[in-house]
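Trainee: Fold the following and give me the result.
(2 chains)
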Amino acid sequence: MNINTPIEEREFKIVGKSVRRDDVLEKVTGEAEYTGDVKLAGMLYGKTKRATVAHARIKSIDVSKALAYPGVKAVLTHENVPRVLHYGSPHPRSASCTKDQYILDKKVRFWGEGVAAVAAISEEIADEALDLIEVEYEALPAVFEPEDAALPGAPLIHEVGPGGNLVLDPVRVNRGNVEAGFAEADFVLEGTFSGGRPHPAYMEPNVCIADWDGSNKLTFWTSTQSSFMVRGILAEVLGLPLTKVRVLVDHMGGGFGAKQDCFQHEFLCALLAKETRRPVKMEFTRHETFIAGRARHPCRIWLKQGFKNDGTLVARDMKLVYDSGAYGSHGPGVTIVGTTAATSLYRCENVRLEGRCLYTNTPINGAFRGYGVVQSYYALDIQMDEAAERLGMDPAELKLKNVVREGDIAPSGHPILGHGLEICLQHGIDVLDWKALRNRDRTPDPSQPHIRIGWGVGCEMHGSSAYPGIKEQGNATVKVNEDGTVTLLTGAAGLGTGAHTALAQIVAEELGVRFEDIGTIHGDTDVVPWDIGAFASHTTYLVGTAAKMAATKVRASVLERAAMKLQVKPDEIDLSEGKIFVKAEPGRFMTVAEAMGPSRGIPAANIVANGTYEPTKSYSFAAHFTEVHVDTETGIVEVKRVIPVHDIGRVIHPIAAQGQIEGGIQQGIGHTLTEDYVIDKKTGRSLNAGLVDYKMPLSMDMPDIETIILEAAPDPGGPWGAKGVGEDPIIAIGPAIANAIHDAIGVRFHHYPITPEDILKALREKGA
Amino acid sequence: MRRFEYHRAETLEHASRLLVELGDDSFLFAGGTDLLVEIRERLRRVRNVIDIKSILGLSDITYDEARGLTFGALVTVGRLERLPLVCQRYPNLRAAFASLGSIQVRNRATVVGNICRASPSADTIPPLIADGAFVHIYSRTNMRVVPLAEFFTGPGKSVLAKGEIVTGITVPPALDNSGKAYLKHGRRKAMELSTVGVAVSLTMEDGLCNDIRIALGAVGATVLRAPEAEAMLRGTALDAATIKTAANKAMEECTPISNVRASADYRRDMVGVLTGRAIKQALEAFA
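Mentor: Purely as a prediction, here's the structure:
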């Protein structure tokens, strides 16, 4: 599709309406089948033995007692699994991943890494057998912080890679002349920023089931966002053609990006099933979702920017360091995306960026909603707020002056079409009467003198699709059945976001049939067209366009057949709400069923079409305004109100879009104030790998969220101008909260999470 | 979940006998909201679970102005939380009950179970200690009554001997001249373990503090009293300056540790803040 194609204006019948989701009935009645619900005759249960050291060579593993334990059917160690070096996240057509994993290795690189696996007739027996496996380690010096990993002479975690503990060569971006920019500046701001290790904590723990049939074909159920990627890597590592690996995934209880890796237990499950010739299930405990799942990359950011006294930004110099944990996973992608994102958001012609990613002996960090950008925009937005303070300006006004505009070069390298940040900010300023809020009476409430109130605003932009890092492709197949119903086949995963409903809406709208007439088939790699995976906020944008293209084709075929039956030319008829009518004589019509079905010796029609779409990228935008209450005695920050103003182009399903925004804000509040997966910096042991001490905000903690979705900046690359909304809402809330805390108590924080102890310490230092 | 043997006790005598005969790693099961999680998460080694839910007479709640409030070992937190008497006369208990776990947890969990778990951060313990509650303990040879303040010997440990079972709790009557408060400090509003919990129960006479008990949760091996702070407050009008001095004293009297939830210093600071706030809240009964 040509990116410059004007966006079609039309009156929508289904798009833009919050239709009832196609999966809602089975979910509310508990009938929806998740991977963990699959039960097969003779199924065994697999468990992973996990290391109790952070960095070590395995001297010996004795599995004899475990093998002899009644009910145990197989034990795997590095001595009896294939030794294939493979990617942790093998995105097809992507250069941004690292081949650094073995299924099981002789070396342990983080506390909690799998060193052996057991299959037994029950989960309990498998669990008990783990304790019978004796592992002797030769401990190696370990590093837990990227600073330490970067030192000359630091213990090497991998033998591969560009050298030292670097996951990839430093990512460098240079635009304009930074030195000249700083020379021109009236003042310079410099600061260091850091981010913790938030975890996605999806509701459904990772789970998979492997079953080999008599023809040596592997059927593999797994809770994944990327079933074709799992198929590809399993086939590669197991040495099978793609016809011999079938991956299935139906409903999912979330993923947030983290379920697009290839996990160690998935290989182990397939191998245990092969070894025992019986189906094997492996399901993570909640504890394992932390130690063996994927978290956001902790980061350190140094940011120096030069400003003119009128607020113009003239130079940006930035160094970013991401902590990859023990394996590369998405480290390269996150570093590239997070670093290049800093070319944008606020306009600056002279930019010098350097992003690094380092291995440490800590659990693996991977893809997670906001993908490196949460970190870099936290720094960019907070420093812009500081510049406003320095200038004595309203931060919203300064941000409005500096935000990206139409035609500016985006991080992807192409000009922005459909820029929406300016209008989001302006809209928020207007509806909140922001100037009056800024000038409000700041006298504390006498009944609560320890409470200080603050307002803050944060900005973000985020791409739909991973272009240019990954050359993406969306596919859809649409079939029209002889009764007039329509089947959509898609490889896009349903993480719980309502993506399949949106795709069905798009097909129904384009084709001219009712939403209820669309049936969606997904999650079977033997049946549906190839799919890149559900990530990068791209499903509606990318697969939605492919589905629309396929629907356009079948619509033409249906009209052609109806024209024959009605004995008119195809361009004399139209299709709407399931009826094909002669434009000049609206009373003369036939249903799609009548057009498709057999009649007078003509067999029923077989109308099938594929849509394939290879996009570049669109950007969605948001400004989040928030009110916080800071208790100056306890340090507790309560987020009271959030007014998120988003521009996501054409909205396909308003309630689903709003749900994404509210959920992103909930996660973002957690990451900014309470959530941090803590690794002991002496041993590498996880200190809060569970939901008791990993503090996610719950429904009771949610503020009032007054979501505003604008449709002012559509992108021609998406269906009727639709853009992504998956990742956007988690990015702007963080700096908005940090800025609001500053507004409340006059203290700047450059890190997250901002804990009550941090607040009290800063207040004391300020008072001293 | 690790395998265990399930036993249903029909009487207290039966349950007590099972506890003795089945030996170590045998535990009573009432609400199960802690026990089952601990088995599942492999935090507690359990061979035998003894279900006491069929034992008659452990689900009663009674109140009279002389003896006070008595409830049995099977009374759930949720039932007490919703009891009008608790809402009206024991705002401290009401606050503690309503802050434990979630609604679903409270509808299974028992107050006696929360106490027998003997966690220093248990929400129900500080206000019950501040109110001077005592526990009724059954054994096959002897029945005894122990003040709750003397029940705990360490984290997860109590004075219960092998075969002894807590059958219920009695809380002294709520007097008209009493004020009570429980304040919980955590990072979120539900499903939260206390970082610090402070309970205050006091009585006023002629504008002066007649008696006061302060109980501090999650800042020691057991829930602690703050006797020196209490002594500074007795006989005073509880003016702001005295409250402030006593709150500082309470900070000295606690012995918190640092862990992933908070540092010892921060916990100590919160004892000061919450003690002051809890006394003021208790005094609101007289406003």
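
Trainee: helix, strand or coil for residue A:427?
Mentor: Under DSSP: H, G, I helix; E, B strand; the rest coil, the three-state class of residue A:427 is helix.

Trainee: Flag every residue of the stretch 1-150 of chain B that's near chain A.
Mentor: B:1-3, B:41 (Cβ under 8 Å from any Cβ of the partner chain). From N, CA and C alone the C-beta is placed, and that goes for glycine too.

Trainee: and with 6 Å instead?
Mentor: B:2-3 (Cβ under 6 Å from any Cβ of the partner chain).

Trainee: what ranges do the helices span in the stretch 1-150 of chain B?
Mentor: Ranges of helices within the stretch 1-150 of chain B are B:12-22, B:35-40, B:77-82, B:84-89, B:91-98, B:103-106, B:111-116, B:125-130, based on DSSP state H, counting those that start in this stretch.

Trainee: Turn the ones you listed into CSV, columns for mean neighbour count.
Mentor: Listed next are these as CSV, based on neighbours: other Cβ atoms under 10 Å in any protein chain shown:
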stretch, mean neighbour count
helix B:12-22, 17
helix B:35-40, 16
helix B:77-82, 21
helix B:84-89, 15
helix B:91-98, 25
helix B:103-106, 16
helix B:111-116, 25
helix B:125-130, 30
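
Trainee: And the residue of the stretch 101-250 of chain B found nearest chain A, its phi and psi?
Mentor: With Cβ to the nearest Cβ, the shortest gap between the stretch 101-250 of chain B and chain A falls at residue B:189, namely 4.0 Å. Phi and psi for residue B:189, reported as degrees, to the nearest 10, are phi -90, psi -10.

Trainee: Tell me the secondary structure of residue A:549, please.
Mentor: Under three-state DSSP, residue A:549 comes out as helix.

Trainee: any idea how far it is from residue A:503?
Mentor: Residue A:549 sits 12 Å away from residue A:503, going by Cβ to Cβ, to the nearest Å.

Trainee: re the thing from before, pull the number of nearby residues for the closest residue to the residue of the stretch 101-250 of chain B closest to chain A other than its chain neighbours.
Mentor: In space, and not counting its chain neighbours, residue B:189 is closest to residue A:700: 4.0 Å by Cβ to Cβ, 6 or more residues apart in numbering or on different chains. For residue A:700, the neighbour count with other Cβ atoms under 10 Å in any protein chain shown is 11.

Trainee: And for residue B:147?
Mentor: By other Cβ under 10 Å, 11 other residues sit near residue B:147.

Trainee: Go ahead and confirm it touches residue B:134.
Mentor: Yes: shown here, residue B:147 and residue B:134 form a contact pair, counting by Cβ atoms under 6 Å, at 4.8 Å.

Trainee: And the lengthiest helix in chain B, what does it pack against?
Mentor: The helix that spans the most residues within chain B, counting by DSSP state H, is helix B:264-283. The contact analysis (3 or more Cβ pairs under 6 Å, 6 or more residues apart in numbering or on different chains; DSSP states H and E) places helix B:264-283 against strand B:178-185, strand B:196-205, helix B:240-253.

Trainee: Which single residue in the stretch 401-550 of chain A comes nearest to chain B?
Mentor: Closest approach of the stretch 401-550 of chain A to chain B (Cβ to the nearest Cβ) occurs at residue A:450, with a separation of 8.5 Å.

Trainee: Check the burial of residue B:146 by counting its neighbours.
Mentor: Counted by other Cβ under 10 Å, the residues lying close to residue B:146 total 16.

Trainee: Run through the bridge partners of it.
Mentor: Beta-bridge pairing for residue B:146 (DSSP bridges): residue B:135.

Trainee: Figure out the helix or strand that residue A:290 lives in.
Mentor: Assigned by DSSP states H and E, residue A:290 falls within helix A:286-291.

Trainee: Using CSV, write out every CA atom in the helix or strand following that helix.
Mentor: Per DSSP H and E, helix A:286-291 leads on to strand A:299-307 as the next helix or strand towards the C-terminus. C-alpha atoms of strand A:299-307 as CSV (Å, rounded to 0.1, in the frame of the first residue of the first chain):
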residue,chain,number,x,y,z
CYS,A,299,18.8,1.0,32.8
ARG,A,300,21.2,3.9,33.5
ILE,A,301,20.8,7.0,31.4
TRP,A,302,23.1,10.0,31.3
LEU,A,303,21.4,13.0,29.5
LYS,A,304,22.7,16.4,28.7
GLN,A,305,20.7,18.9,26.8
GLY,A,306,21.3,22.5,25.7
PHE,A,307,18.4,25.0,25.6
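
Trainee: secondary structure class for residue A:323?
Mentor: Assigned with three-state DSSP, residue A:323 falls in the strand class.

Trainee: mind listing what it touches?
Mentor: Applying Cβ atoms under 6 Å, 6 or more residues apart in numbering or on different chains, one finds that residue A:323 lies in contact with A:146, A:297-298, A:360.

Trainee: what about 8 Å?
Mentor: A:145-146, A:197, A:297-299, A:357-358, A:360, A:362, A:365 (Cβ atoms under 8 Å, 6 or more residues apart in numbering or on different chains).

Trainee: and if you look at residue A:414?
Mentor: By Cβ under 8 Å, 6+ apart, the neighbours of residue A:414 are A:616-617.

Trainee: per-residue confidence at it?
Mentor: pLDDT for residue A:414: 87.

Trainee: can you pull the contacts of residue B:272?
Mentor: B:247-248, B:250-251.

Trainee: And those, which of them are buried?
Mentor: In those, burial by neighbour count holds for B:247, B:250-251, counting by 16 or more other Cβ atoms under 10 Å in any protein chain shown.

Trainee: and chain A, which of those residues contact it?
Mentor: By Cβ under 8 Å from any Cβ, no member of the buried ones among the contacts of residue B:272 lies near chain A.

Trainee: ok, the residues you listed vs residue A:630, which is closest?
Mentor: Of all those, residue A:630 sits closest to residue B:247, with 20.8 Å by Cβ to Cβ.

Trainee: before we move on, the earlier item: show me how far the longest helix of chain B is from its chain's centre.
Mentor: Here helix B:264-283 is found 18 Å from its chain centre; the criterion is Cα atoms, centre = their mean, to the nearest Å.

Trainee: before we move on, the earlier item: kindly reformat the contacts of residue A:323 as TSV and extend each row with pLDDT and neighbour count.
Mentor: Below are these laid out as TSV (pLDDT from 0 to 100; neighbours: other Cβ atoms under 10 Å in any protein chain shown):
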residue	pLDDT	neighbour count
A:145	97	17
A:146	97	22
A:197	98	23
A:297	98	31
A:298	98	24
A:299	98	28
A:357	97	32
A:358	98	26
A:360	98	29
A:362	98	32
A:365	97	30
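
Trainee: Let me have the residues you listed in a markdown table, extended by secondary structure.
Mentor: Formatted as a markdown table, these follow (three-state DSSP):
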| residue | secondary structure |
| --- | --- |
| A:145 | coil |
| A:146 | helix |
| A:197 | coil |
| A:297 | coil |
| A:298 | coil |
| A:299 | strand |
| A:357 | strand |
| A:358 | strand |
| A:360 | coil |
| A:362 | coil |
| A:365 | strand |
